[in-house]
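Q: predicted model and sequence below, questions to follow.
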Amino acid sequence: MIIEEIREPEELTKIRVELTVTEEVTYDFPITLEVPPEVADDIEALTSHLAEHEDLWLDYLPIDGRNGYLTVNERDVDDVKVLPLNTAA
């Protein structure tokens, strides 16, 4: 027979903090672009071209994750600063 320890609820303290969080995310999203014909059928050349010309697709990046195109691969809390409770949000 397993006897579970009964724990008293822990007392909590309300604090206000400023968090610095780093995320590594992956975006998979469909987009129609105009590219030079010599890169259109060569996936390596197309990948290099798009990496060098972010202006072609960056405005279409769904940063809010709508439509399920965003996956958070890793999330780290990098820094925490305790703030006075009366500071604005």
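A: It's in.

Q: all contacts plus neighbour counts: C-alpha atoms, from now on.
A: Noted.

Q: tell me the strands beside the longest strand along the chain, with direction?
A: Ranked by residue count under DSSP state E, the longest strand found in the chain is strand 70-83. Sheet partners assigned to strand 70-83 using DSSP bridges are listed as strand 16-27 (antiparallel).

Q: following the partner strand, which helix or strand shows up next?
A: helix 37-40 (DSSP states H and E).

Q: contacts for that next one, please.
A: Outside helix 37-40, the residues that touch it by Cα atoms under 8 Å, 6 or more residues apart in numbering are Ala45, Leu46, His49.

Q: rerun that using 10 Å as the cut-off
A: Leu33, Glu34, Ala45, Leu46, Thr47, Ser48, His49, Leu50 (Cα atoms under 10 Å, 6 or more residues apart in numbering).

Q: out of the residues you listed, which sit inside helices?
A: Among the contacts of helix 37-40, the residues falling in helices (DSSP state H) are Ala45, Leu46, Thr47, Ser48, His49, Leu50.

Q: was I right to think the second one contacts Leu33?
A: No: in this structure Leu46 lies outside contact range of Leu33 using Cα atoms under 10 Å: 11.1 Å.
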